[in-house]
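**Q** Here is a sequence together with a model predicted from it:
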Amino acid sequence: MIKAVLFDLDDTLIDHDAAIRDAAGALFDQVIPDGKHELKVFIEQWISLNRKWYKKFFAKQVTFQESGRGKLREAFSKYGY
């Protein structure tokens, strides 16, 4: 039985942005291991793409899987993927 639901609307309980940045950085390092000089730009792009594709998902324009694939394609297309 659920006794409580917590909402963290202002990122005081969980630093969502830091988690996204860490995950995007780890992903980039795995795919582009020699791209340290582009890491910061990639992370900012990833955050922007994350917002863009989640909006499409919540508007029911794409499925959750399509949003993930679209984000990955856009993020890595300039690197030849």
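**A** Happy to help now that I have it.
**Q** Tell me which stretches of the protein form strands.
**A** Using DSSP state E, the chain contains no strands.
**Q** where's stretch 29-38 relative to the chain centroid, distance-wise?
**A** In terms of C-alpha atoms, centre = their mean, to the nearest Å, the gap separating the centre of stretch 29-38 from the centre of its chain is 16 Å.
**Q** Now that stretch: buried residues?
**A** I32 (16 or more other C-beta atoms under 10 Å). The way it works is simple: take the backbone N, C-alpha and C, and place the C-beta from them, glycine included.
**Q** Please name the residues that touch the residue nearest the centre of the chain.
**A** With distances taken as C-alpha atoms, centre = their mean, the residue of the chain nearest its centroid is N50 (4.4 Å). Contacts for N50 were tallied using C-beta atoms under 8 Å, 6 or more residues apart in numbering; they are I20, K71.
**Q** what's the spacing between it and G35?
**A** 19 Å (C-beta to C-beta, to the nearest Å).
**Q** What of G80?
**A** 12 Å.
**Q** cool, A26 as well?
**A** 13 Å.
**Q** for K60, same thing?
**A** 35 Å.
**Q** How about W53?
**A** 22 Å.
**Q** Repeat that for S67.
**A** From S67 to G35 the distance is 24 Å (C-beta to C-beta).
**Q** show me where the protein has helices.
**A** Assigned by DSSP state H, the helices in the chain fall at 16-31, 39-58, 64-76.
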